[in-house]
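1. Need coordinates for the below:
(one chain, ligands or ions: 1)
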Amino acid sequence: MNDNDDISKKLGTNTKLSRAGYDPFDYHGFINPPTVRASTVLFPNAKAMESHDQKYTYGTRGTPTTDALCEALNELEGAAGTLLVPSGLAAVTLAFLALLSPGDHALIVDSVYGNVRHFCDTMLARFGIEVEYYDPGIGAAIETLFKPNTKLVHLEAPGSNTFEMQDVPAITAAAHRISAVVTMDNAWATPLFFRPLDFGVDVSIQAATKYPTGNSDILMGTVSANAQYWPRLRHMNGALGICGAPDDAYQALRGLRTMGVRLERHQASALEIAEWLETRGDVARVLYPALASFPGHAVWKRDFKGASGVFSFVLNVARRDEYKARAQAFLDGLSLFGLGYSWGGFASLALHVDLADRRILTAPTEGPVLRLHIGLEDVGDLKADLERAFAAATAI
Ligand SMILES: *Cc1c(COP(=O)(O)O)cnc(C)c1O
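-> From the prediction side, this is the model:
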């Protein structure tokens, strides 16, 4: 419900999640919005058709279903507007296409999601955009990398696979001094645990594929912008014709309603497992911002309201030439954790992290890095599964 009155401003997160984006009495009291599928929208007469003077004009420009999700996200992100696109990767690439031009210089965090790096190194390079990777821990010193043509700074915190934190307020303040736009991939925290726009970020990006939909059956990305950048993003979306589908938007809104309670469970289970891993001799390090031992913990504690269920650990393996075999034995020793990409769903997942594409950061030297997504299963069962995997990794 969009009653922007005093009551709705004071509501708690889960209450907001249960109401955001849609007023049931806009559609006969049905508590969920209708799924409106559309290409054609009819105009009542030629004059209305010429002026486009009505709320909906064509399916690519939104329907009541996609609007319900966008309005819910505007409320959660504190954004002026939100675009839906068909994947989290498309959310980042679309934002870059909207905000960069040939000859520009873009600063991209070195712990960026790998497919975004691929886009930068291929597509952006082909369009004559200069891409430079920076250390996630750089903070205010990002200004030492600025050039006269620096137009965009892209953040992702925690970073993909290795979970480095970033000093978001320090970086946004520096970037804004040279009028560069700041984009941030916030898939890990979701706006429930971190609201990028409150910390000076201009464009907040979500892989809604992950926690918002929560069931590993939908691909969707969202791009939420402040008032300054919303018109440019909206224009780019119209120019490219890349839009989210109403059925997927319906499922994402359905997922949002329960995202708060799911995240609480992901967080509690992940923390319990991460702390347990830290006590083990076969684990060299656990890479999870919620742990006091993690280098980015202080920044996480200062700026974030919670931690989600994805983190990595470094398996203790003495010999470099055994990293891969022991990592694979560990993965093959799992039976409850699935081996698969993505995260944010109900099922726990594991994979062997590949850090070969890093330019600035170096991979841990104590052993292979394994990433876990802690799902909604019972923690005791997950620990027992991991215990069997450690045994399998030792046994080879
Ligand atoms: C998964 C992920 C994406 C991409 O989302 P898709 O919907 O799978 O394309 C982008 N950024 C981060 C940080 C991710 O984890």
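
2. how far does stretch 54-70 stretch from start to finish?
-> Using Cα to Cα, to the nearest Å, the end-to-end distance of stretch 54-70 comes out at 19 Å.

3. contacts for it?
-> Contacting residues not belonging to stretch 54-70 are listed as 21-22, 26-27, 33-41, 43, 48, 81-84, 222, 238, 241, 243-244, 246, 249-250, 252-253, 256 [Cβ atoms under 8 Å, 6 or more residues apart in numbering]. To be clear about C-beta, it is placed using only N, CA and C from the backbone, and glycine gets the same treatment.

4. Return the subset of those lying in helices.
-> 48, 238, 246, 249-250, 252-253, 256 (DSSP state H).

5. Sort out which of those are buried, if you could.
-> 246, 249-250, 252-253, 256 (16 or more other Cβ atoms under 10 Å).

6. just these now: which is nearest residue 107?
-> residue 252 (30.3 Å; Cβ to Cβ).

7. do you know how far that closest one is from the ligand?
-> Computed as Cβ to the nearest ligand atom, to the nearest Å, the residue 252 to the ligand distance reads 11 Å.

8. just residue 108 next, same as before
-> Taken as Cβ to the nearest ligand atom, the span from residue 108 to the ligand is 13 Å.

9. same question for the helix or strand that residue falls within, mean pLDDT?
-> Element membership for residue 108, per DSSP states H and E: strand 105-109. On average, the pLDDT along strand 105-109 is 98.

10. pull the CA atoms of it into CSV?
-> This file holds the C-alpha atoms of strand 105-109, laid out as CSV (Å, rounded to 0.1, in the frame of the first residue of the first chain):
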residue,chain,number,x,y,z
HIS,A,105,37.1,6.4,-17.7
ALA,A,106,35.3,4.0,-15.3
LEU,A,107,36.7,2.7,-12.0
ILE,A,108,35.5,-0.8,-11.2
VAL,A,109,36.1,-2.6,-7.9
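
11. Which residues does it contact?
-> For strand 105-109, contacts defined as Cβ under 8 Å, 6+ apart pick out 96, 100, 116-117, 120, 124, 129-134, 136, 142, 145, 147, 149-157, 159, 166, 180.

12. and what of stretch 234-246?
-> Taking Cβ under 8 Å, 6+ apart as the rule, stretch 234-246 contacts 35-38, 59-63, 65-66, 69, 81, 83-86, 90, 94, 97-98, 220-222, 252.

13. ChimeraX command to pick out the buried ones of the residues you listed?
-> Selecting only the buried entries of the contacts of stretch 234-246 in ChimeraX, with 16+ other Cβ under 10 Å as the criterion:
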select :35,36,38,59,61,62,63,65,66,69,81,83,84,85,86,90,94,97,98,220,221,222,252
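
14. mind listing the strands for the stretch 251-396 of the chain?
-> 283-287, 310-315, 338-339, 349-352, 369-373 (DSSP state E, counting those that start in this stretch).

15. want to try TSV for those strands, with mean pLDDT as columns?
-> Listed next are the strands of the stretch 251-396 of the chain as TSV, based on pLDDT from 0 to 100:
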stretch	mean pLDDT
strand 283-287	98
strand 310-315	98
strand 338-339	98
strand 349-352	98
strand 369-373	98
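
16. ok, back up a step: buried residues in the strand holding residue 108, which are they?
-> 105-109.

17. okay but residue 14 is in contact with residue 261, surely?
-> Yes. Residue 14 is within contact range of residue 261, at 6.8 Å (criterion: Cβ atoms under 8 Å).

18. domain ranges for this structure?
-> 8-255, 259-395 (automatic domain parsing).

19. so of these, which one's packed in deepest?
-> Burial of the domains of the chain is given as mean neighbour count (mean count of other Cβ atoms under 10 Å); domain 8-255 ranks first at a mean of 19.

20. so how far is that domain off the chain centroid?
-> Distance of domain 8-255 from its chain centroid, counting by Cα atoms, centre = their mean, to the nearest Å, is 10 Å.
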